[in-house]
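**Q** Using only what follows, build the 3D model:
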Amino acid sequence: MELALPESIIEWLTVTLGARPIEQLFATVHVSSVVGVRLSDGRSAVVKMRHEDVRRARTCLAVQLHLAESGFPCPRPLTDVTAIDNKVVHAEEWRPGGEVLRGHGPDVAEAFAGLLADLVGRTATVRFVPPLPNPLWVRWDHNGNGLWPVYDWRDMKAGEAAVPSHVIEVAQRVRNRLRNLRLPQVIGHADWETQNLRWKGSKAHAVHDWDSLAWLPEAALAGTASGAFASAEQPTLVPIDSSETFLQTYEQARGKRFTAEERQVAWAASLWLPAHNARLEALYGKVPLATEALARQAAERLALAGA
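**A** Down below sits the predicted model:
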C-alpha cells in the first residue's frame, strides 16, 4: 500500500527515527490525519499530522510523555512536535489491541471515572504550560460575540437556523453558568469517550487522542466526561443516573468531594458537549441522538447545575 505521507514527512521520520517508513499499517483522517507505519528496522510507529498551534501541541505531547513514563496506559511519544508543510507533526509508538467498552451501566461509568481521576491526579503533580486554546467542543469561555466559538468549517453558518431552539436555549444557559468561573484549573482529557479508549477486560489498555487535552476546572472536566463517556460512532448523552455514578466514583477515586458549586459546574458541563453535538446533528443532517437526549434530560440537568 502506498504511504499516505508526503515525502517531506517521510524524510523527517527517516532522519528523526533513524529508519525509513516502508509499509503503511492504517490511515485515518478526521480532525487529524493519523498514519500507522512499519519502519525499515522492524519497529512500528504512528504519525499524527494536524493544523494546530505548535505551542499547544508541544504541551499536549509533554503531558502524554509524562503520563506514559509514569505508567499510565497511553502511547509513548517517539519524537518531539515539529512543523512541516503548515502542519504540526509527531510520531508515537503503536499500541494496538484492546476492546471498546460499550454501554453506560454502573461498571462502565465507574471504570471511566476511575481512569480519568487517575489521569488528573498524575497531571496535577507537574507544572505544564496550559494547552490553550481549549478544544472547540469545551470552549464555552470563548471571547467571540456569538453563542458558539468560531468554527473552521465554512459551511456551518448557512444552516444555523436549522438548530432546534431548545438546543440553543440549553447552550446559552450553560454558557452563562460556566463562562466566568473562578475555580482552579487542571489539565485533563476533554474527549473522554469510549471511542478513544481501549480495554483488556477491566483493565485500561490504551487511551488515545491526546490533542484533546484542556485546561479547565476539575469539576468541568469530570462533568463533561460524565455525560459523554459512552459515546462511540455518533456521540450522545448518557442517562442522568449514569452521570451521577460517574461523578460519585470520580470523587471517591480522587479522595475528595466536590463543593456545592463544583457539583453545579459538573452538571452544567455535562450539557455543553451534547448541545455542541446536537448543533452538528442539525447542521449536517445526522440522526438526532444528542438532540433527543437533550430534550429528555435538559430540564433536570439544568436544575442540578443551578442554571
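
**Q** a helix runs through Leu132, doesn't it?
**A** No: the assignment for Leu132, made by DSSP: H, G, I helix; E, B strand; the rest coil, is coil rather than a helix.

**Q** can I assume Arg263 is in contact with Ala219?
**A** Yes: at 7.1 Å, Arg263 counts as touching Ala219 under the criterion of Cβ atoms under 8 Å. C-beta coordinates here come from the backbone N, C-alpha and C atoms, glycine included.

**Q** Tell me which of the two has more neighbours.
**A** Comparing Arg263 with Ala219 by other Cβ atoms under 10 Å, the one with more neighbours is Ala219, at 27 against 18.

**Q** Check for me that that one belongs to a strand.
**A** No: checked against three-state DSSP, Ala219 lies outside a strand; its state is helix.

**Q** Skipping its backbone neighbours, what lies nearest it in space?
**A** With Cβ to Cβ, 6 or more residues apart in numbering as the criterion, Ala219 has its nearest non-adjacent residue at 3.7 Å, and that residue is Glu262.

**Q** For that neighbour, which residues are in contact?
**A** Glu262 is in contact with Leu183, Pro217, Glu218, Ala219, counting by Cβ atoms under 8 Å, 6 or more residues apart in numbering.

**Q** Confidence-wise, which helix or strand of the protein is lowest on average?
**A** strand 21-29 (a mean of 88; mean pLDDT, DSSP states H and E).

**Q** Off-centre distance for that one?
**A** Mean-position distance between strand 21-29 and its chain equals 23 Å (Cα atoms, centre = their mean, to the nearest Å).

**Q** helices or strands up against it?
**A** If contacts are counted by 3 or more Cβ pairs under 8 Å, 6 or more residues apart in numbering; DSSP states H and E, strand 21-29 sits against helix 7-17, strand 33-39, strand 44-50.

**Q** Run the angle between the longest one and strand 33-39 for me.
**A** The directions of helix 7-17 and strand 33-39 differ by 50 degrees, with axes from the mean of the first three to the mean of the last three Cα atoms, to 10 degrees as the criterion.

**Q** other SSEs contacting helix 7-17?
**A** Under the contact criterion of 3+ Cβ pairs under 8 Å, 6+ apart, helix 7-17 touches strand 21-29, strand 33-39, strand 44-50, strand 82-84, strand 87-93.

**Q** Would you mind putting the ones you listed into a markdown table with mean neighbour count and distance to Trp199 alongside?
**A** Shown next, in a markdown table, are those (neighbours: other Cβ atoms under 10 Å; distance: least, Cβ to Cβ, whole Å):
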| stretch | mean neighbour count | distance to Trp199 |
| --- | --- | --- |
| strand 21-29 | 14 | 20 |
| strand 33-39 | 19 | 20 |
| strand 44-50 | 20 | 19 |
| strand 82-84 | 13 | 32 |
| strand 87-93 | 21 | 18 |
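
**Q** show me the contacts for Pro96.
**A** If you count contacts by Cβ under 8 Å, 6+ apart, Pro96 has none.
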